[in-house]
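J.: I'd like to go over a predicted model; first the sequence, then the structure.
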Amino acid sequence: MKLLPPHARWVVPLGTAALIATLIGIFFVPAGVQWRWLNFGTDLVSLTASFAMVVACSPSRWVTMGLAVVWVILALFTLPQWL
């Protein structure tokens, strides 16, 4: 008897991607105005991988749609300023 949905095989690679993006954002990307776009990118990659892990284990489409809305809102609120 299988307890996990068939897409659950993606949880480990997505978790690895989220961990690598988080570690790169913490240890290799300096904090500063010049690096804000790279910080933004690594944060979005780790957030996307984390949300994709939840979607891979969830059979509900409402979870997928809700996480997509939350992702867009967080991306817009954390978008770096041009000036």
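T.: Yes, it's here. Numbers count the residues shown, from 1 in each chain.

J.: give the other helices and strands that the longest helix belonging to the chain contacts.
T.: Across the chain, the longest stretch assigned as helix under DSSP state H is helix 36-57. Counting contacts by 3 or more C-beta pairs under 8 Å, 6 or more residues apart in numbering; DSSP states H and E, helix 36-57 is packed against helix 11-27, helix 61-77. For the C-beta atoms, the positions are set from N, CA and C on the backbone; glycine is no exception.

J.: in this protein, where is pLDDT below threshold?
T.: In the predicted model, the chain carries pLDDT under 70 at residues 1-5, 82-83.

J.: mind running it again at 90?
T.: 1-15, 25-26, 28-41, 43, 52-61, 63-64, 74-83 (pLDDT under 90).

J.: before we move on, the earlier item: tell me which of the helices and strands packed on helix 36-57 is the most buried.
T.: Neighbour counts (mean count of other C-beta atoms under 10 Å) averaged over each of these peak at helix 11-27, with a mean of 14.

J.: could you tell me the angle between it and helix 36-57?
T.: Helix 11-27 and helix 36-57 are oriented at 160 degrees to each other (axes from the mean of the first three to the mean of the last three C-alpha atoms, to 10 degrees).

J.: use 42 as the first number from now on
T.: Got it, the first residue is 42 from now on, which makes the last one we talked about helix 52-68.
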